[in-house]
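Visitor: no sequence for this one, just the structure:
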């Protein structure tokens, strides 16, 4: 198969809650006439994003073309998960015209790009481009910057220490690997926040990159597909904190899955998650719950104390109405007991 016949792959990266699934859903629905396939990577045992995408499957991207890889970061499970998945997509009939990969919000994109040099797939696929989503409000607020006070304290103790926080390293690696930056949540950031986010990101990029403001994932597919970047051949221009011998350590982050009984109302759940964000350093909450006397399932997406929810589908007849919320935070900053006490106070009361 010649280079011209390689199937293009777009890698969509970006931190937790930046809007990757929303973007891919938009691309699925707007790339008319182009057969799409999607690989969704979740950090944790319970997959949420893959189910969301499968719910919007269309003839050009049927449900069987949407593959979910859960319970493992794709950048760390290349041989076990990613390569076999790509090979399986290569067996589809008809073949996809384009493949989208949504990485976990904690994934480093560069190790994934290196996998495209594997002989088993190099002759058949190419990385058309890496699209990094950046939550403009979060960037402007400095949520991905190192803790300055902690850095100063460390310098006094030992100036040989690596002063970067895991959070900032992941964000910077994602930005450094990109071909295009999408600034999401522009309405929440405002004009001043967008300007500040652009300045912060420009300082982190190893080369000038286009930055595009995108609300609700609505971007013309022609802008971000068909870049022909062949990113797997351009790795030196995409530096990483982990280019050396140090491994990408997911022990810096914890994922806790909470099984939820029915809640009284969406407002009741929002209040619990808000309290959780105030009490614990929570990066992300996502999942679904059952609301008392409501026939539809409530889908929940939260970044810190910023919470969105909507009814996404009817509960199936006989389906277990137990909800599941995935809570993600930095390892040293969250407590499973405290999370359960806030999200499930009735369970604690019953135990007492």
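Guide: Nice, thanks for sending it over. Computed from a predicted model, the values in this text were never measured in an experiment.

Visitor: does the closest residue to residue 223 other than its chain neighbours sit in a helix, a strand or a coil?
Guide: Distance criterion Cβ to Cβ, 6 or more residues apart in numbering; nearest residue to residue 223, sequence neighbours excluded, is residue 212 at 6.8 Å. Bear in mind the C-beta positions are built from the backbone N, C-alpha and C, glycine included. At residue 212 the chain is in strand, as set by DSSP: H, G, I helix; E, B strand; the rest coil.

Visitor: OK, contacts around residue 212?
Guide: 180-183, 219, 223 (Cβ atoms under 8 Å, 6 or more residues apart in numbering).

Visitor: now the lengthiest helix in the chain, how far from the centre of its chain.
Guide: Scanning the chain for the longest helix, with DSSP state H as the assignment, gives helix 186-204. Offset of helix 186-204 from its chain centre (Cα atoms, centre = their mean, to the nearest Å): 20 Å.

Visitor: packing partners for that helix?
Guide: Other elements packing on helix 186-204 under the criterion 3 or more Cβ pairs under 8 Å, 6 or more residues apart in numbering; DSSP states H and E are helix 136-140, helix 166-176, strand 180-184, strand 211-214.

Visitor: let's go with 6 Å and repeat that
Guide: Other elements packing on helix 186-204 under the criterion 3 or more Cβ pairs under 6 Å, 6 or more residues apart in numbering; DSSP states H and E are helix 136-140, helix 166-176.

Visitor: and the pLDDT for the residue nearest to residue 223?
Guide: Listed pLDDT for residue 212 reads 91.

Visitor: are any of the contacts of residue 212 buried, and which?
Guide: For these, a neighbour count by 16 or more other Cβ atoms under 10 Å gives the buried set as 180-183, 219.

Visitor: identify the farthest-apart pair in the residues you listed.
Guide: Taking Cβ to Cβ as the measure, the buried ones among the contacts of residue 212 span a maximum distance of 11.7 Å, between 181 and 219.

Visitor: what number of residues lie near residue 315?
Guide: Under the neighbour criterion other Cβ atoms under 10 Å, residue 315 is assigned a count of 14.

Visitor: against residue 143, how distant is it?
Guide: 35 Å (Cβ to Cβ, to the nearest Å).

Visitor: and residue 10, by the same measure?
Guide: 26 Å.

Visitor: once you drop chain neighbours, what's closest to residue 205?
Guide: residue 175 (5.8 Å).

Visitor: wait, the one you found touches residue 203, no?
Guide: No. In this structure, residue 175 is not within contact of residue 203 by Cβ atoms under 6 Å, at 9.8 Å.

Visitor: more neighbours, the two?
Guide: The residue with more neighbours, out of residue 175 and residue 203 and counting by other Cβ under 10 Å, is residue 175; that gives 26 against 8.

Visitor: what residues are up against that one?
Guide: Applying Cβ atoms under 6 Å, 6 or more residues apart in numbering to residue 175 gives the contacts 132, 201, 204-205.

Visitor: which parts of this structure belong to which domain?
Guide: The record's domain parsing of the chain by automatic domain parsing lists 3-237, 252-351.

Visitor: what pLDDT does the model give residue 57?
Guide: 51.

Visitor: now residue 304
Guide: The per-residue pLDDT reported for residue 304 equals 70.

Visitor: do the same with residue 171
Guide: For residue 171, the predicted pLDDT is 88.

Visitor: what about it, how many neighbours?
Guide: Neighbour tally, residue 171, other Cβ under 10 Å: 26.

Visitor: skipping its backbone neighbours, what lies nearest it in space?
Guide: Distance criterion Cβ to Cβ, 6+ apart; nearest residue to residue 171, sequence neighbours excluded, is residue 144 at 3.8 Å.

Visitor: in what helix or strand does the one you found lie?
Guide: Element membership for residue 144, per DSSP states H and E: none, as it lies in no helix or strand.

Visitor: same thing with residue 229?
Guide: Using DSSP H and E, no helix or strand contains residue 229.

Visitor: my read is that it contacts residue 179, right?
Guide: Yes. With contacts defined as Cβ under 6 Å, residue 229 counts as touching residue 179 at a distance of 4.9 Å.

Visitor: which residues touch stretch 188-208?
Guide: 136-137, 139-140, 172, 175-176, 181, 183, 186, 211, 239.

Visitor: from residue 294, how far off is the residue most central in space within the chain?
Guide: Per Cα atoms, centre = their mean, the C-alpha nearest to the average position across the chain is that of residue 105, at 3.2 Å. Distance check for residue 105 against residue 294: by Cβ to Cβ, it reads 29 Å.
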